[in-house]
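Q: predicted structure and sequence below. I'll ask about it afterward.
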Amino acid sequence: MDQLEAPPEPARRVDKLAVAAATVTVVLWASAFVAIRSAGDEYSPGALALGRLLSGTLVLGVIWLVRREGLPSRGAWPGIVTAGLLWFGGYMVALNWGEQLVDAGTAALVVNIGPILIALLGGWLLKEGFAPRLLAGMAVSFAGAAVVGLSMSGEGSASVGGVLLCLLAAVTYAAGVVSQKPALRHASALQFTTFGCGIGAVACLPFAGQLASQAGDASPGATLNMVYLGVFPTAIAFTTWGYALARTSAGKMGATTYAAPALVVLMSWLFLGEVPGLITLAGGLLCLAGVAVARSSRRRRPGPPA
């Protein structure tokens, strides 16, 4: 009876690896909000996006060559191109611009509306359905994210334009994730991330003049933040995201990112001197509680792989 109820060992191992990969992604993506805010003082939104994408493409290209993974198959390219233009390109420019107008916590709140769109699009277009625990976890996490964002928005400091830009970032992020899921049936996470990042960099080439002129005047710290964004939140985090997404649903992965606002609050406190209040911390705990609910599942007998 115990053997029937317990999932096979390989399934448990894969799930643990997927959770670990998702955790790495969320932590690095949360750090990106802080790094963008720091580098944004000296780099314009387009220049920062291009520098980040060039750094990420360089690192990913080297790894791709060393691993000799080759080109993705034909079936992966529609998703790679869509994500490259919308997620790697449009998302990063919109988020960089938005974070020049709102604080990191508010930006994290607005962008994390994206998982709602991911779950809805994934349930509809990818036929993933709408599990009650997923919807319940999303509701709890969204309430927590709202508390975090409202508590950090200040007295009218969050501009309408900045919020709208972060909303645009959320839409492009959701569209990128939903296009990525089917593409991962035909390409590895490394292939998808490498070529998606490269396409995003090509799309941002019109900002090359700004990047060249601003890099000469920028401080070493701002430039290091830009390179950090390319290597860690882009090259590493997008690859670990793809690895985890290939092993779970888009809806669950989207809900997992609701932990980001709580981490952004902590990192903003440590690195930007933004001291969170008790209400902000309570909202962060709600975000984490929602993630736990969304990722939980009832114990069931093993069946054929989906």
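A: That came in fine, so what should we check first?
Q: the helix ranked longest in the chain: which residues count as buried?
A: Ranked by residue count, the top helix of the chain under DSSP state H comes out as helix 9-39. Under the neighbour-count criterion of 16 or more other Cβ atoms under 10 Å, helix 9-39 has 15, 18, 21-22, 24-39 buried. C-betas here are computed from N, CA, C, even on glycine.
Q: how many other residues sit next to the nearest residue to Ile36 once chain neighbours are set aside?
A: Using Cβ to Cβ, 6 or more residues apart in numbering and skipping residues adjacent in sequence, the residue nearest Ile36 is Glu99, 5.0 Å away. Glu99 is flanked by 28 other residues according to other Cβ atoms under 10 Å.
Q: who's in contact with Leu190?
A: Shown in contact with Leu190 (Cβ atoms under 8 Å, 6 or more residues apart in numbering): 60, 63-64, 67, 69, 239, 242.
Q: for Gln100, helix, strand, or coil?
A: Using DSSP: H, G, I helix; E, B strand; the rest coil, the structure places Gln100 in coil.
Q: going forward, count from 350.
A: Sure, I'll start numbering at 350, so the last one becomes Gln449.
Q: before we move on, the earlier item: distance of the residue nearest to Ile385 relative to Val442?
A: 11 Å (Cβ to Cβ, to the nearest Å).
Q: likewise Ala550?
A: Relative to Val442, and taking Cβ to Cβ, Ala550 is found at 12 Å.
Q: the residue nearest to Ile385 against Asp390, yeah?
A: No. Proximity of Glu448 to Asp390 does not meet the contact threshold set by Cβ atoms under 8 Å, at 10.5 Å.
Q: quick one: low-confidence parts of the stretch 550-655 of the chain?
A: Within the stretch 550-655 of the chain, the segments meeting pLDDT under 70 span 598-605, 607, 623-626, 629-630, 637, 640, 643-655.
Q: swap in the stretch 400-549 of the chain?
A: Residues of the stretch 400-549 of the chain that meet the criterion pLDDT under 70 lie in 465, 469, 471-479, 498, 500-509.
Q: go again using 50 as the cut-off
A: 504 (pLDDT under 50).
Q: and the helices in it, which stretches?
A: For the stretch 400-549 of the chain, the helices defined by DSSP state H, counting those that start in this stretch cover 426-432, 441-447, 453-460, 463-474, 481-501, 509-532, 538-552.
Q: and the angle for the last one with helix 509-532?
A: By that I understand helix 538-552. If you take axes from the mean of the first three to the mean of the last three Cα atoms, to 10 degrees, helix 538-552 sits at 140 degrees to helix 509-532.
Q: buried residues, helix 538-552. List them.
A: For helix 538-552, the neighbour count (16+ other Cβ under 10 Å) marks 538-550, 552 as buried.
Q: next secondary structure after that helix?
A: Counting by DSSP states H and E, the next helix or strand C-terminal to helix 538-552 is helix 557-566.
Q: list the buried residues of that next one.
A: Under 16+ other Cβ under 10 Å, the buried positions of helix 557-566 are 559-560, 563.
Q: can I get these in a markdown table with distance to Arg423?
A: Compiled in a markdown table, the buried residues of helix 557-566 are given as follows (distance: Cβ to Cβ, whole Å):
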| residue | distance to Arg423 |
| --- | --- |
| Gln559 | 35 |
| Leu560 | 33 |
| Gln563 | 39 |
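Q: from those residues, which is closest to Leu483?
A: Proximity of the buried residues of helix 557-566 to Leu483 was ranked by Cβ to Cβ; the top entry is Leu560 with 40.2 Å.
Q: distance check, the closest one against Gly570.
A: 17 Å.
Q: Val430 now?
A: From Val430 to Gly570 the distance is 35 Å (Cβ to Cβ).
Q: more neighbours: which of those two?
A: Val430 (16 against 12).
Q: can you tell me which residues contact the more buried one?
A: With Cβ under 8 Å, 6+ apart, Val430 has these contacts: Ile548.
Q: again, only this time at 10 Å
A: Counting by Cβ atoms under 10 Å, 6 or more residues apart in numbering, Val430 touches 528, 532, 544-545, 548, 552.
Q: out of the residues you listed, who's nearest Val580?
A: Looking across those and measuring by Cβ to Cβ, the closest to Val580 is Gly545, at 15.8 Å.
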